[in-house]
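Novice: sequence and predicted model, in that order:
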Amino acid sequence: MSIRNSSQSILWRKPIVEMEEESGQSHLFKSLGLWQLTAIGVGGIIGVGIFTLAGLVANGGADA
């Protein structure tokens with residue numbers, strides 16, 4: 001593998017085939033369960049609500 005400059009190395013991704021060859025496994029496993037995915041979804045919804053409310057208040061809306 002050749003040395004890449006810094007802008008290319010940030011965006012570079014290793015192909016899955018190479019990762020499988022290095023690990024010796026032929027498939028990927030689940031690492032997140034139902035509760036973790038639910039927590040990520042709820043956290044995302046709450047986060048969007050907070051940023052939306054902050055944007056409305058900064059814009060003078062939402063009866064600020």
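Specialist: Cool, got the structure.

Novice: residues in contact with the residue nearest the centre of the chain?
Specialist: Within the chain, one residue has its C-alpha closest to the average C-alpha position: by Cα atoms, centre = their mean, that is Ile40, at 10.4 Å. Contacts for Ile40 were tallied using Cβ atoms under 8 Å, 6 or more residues apart in numbering; they are Leu32. To be clear about C-beta, it is placed using only N, CA and C from the backbone, and glycine gets the same treatment.

Novice: in the helix or strand where Gly55 lies, what's buried?
Specialist: Here Gly55, judged by DSSP states H and E, is contained in helix 34-59. In terms of neighbour count (16 or more other Cβ atoms under 10 Å), helix 34-59 has no buried residues at all.

Novice: try stretch 22-33
Specialist: By neighbour count with 16+ other Cβ under 10 Å, stretch 22-33 contains no buried residues.

Novice: let me know the average pLDDT across the helix holding Gly55.
Specialist: Averaged over helix 34-59, pLDDT sits at 93.

Novice: and the residue nearest to the centre of the chain, how far from Met19?
Specialist: Note on Ile40: its distance to Met19, by Cβ to Cβ, to the nearest Å, is 23 Å.

Novice: measure Leu53 to Gly60 for me?
Specialist: For Leu53, the distance to Gly60 equals 13 Å [Cβ to Cβ].
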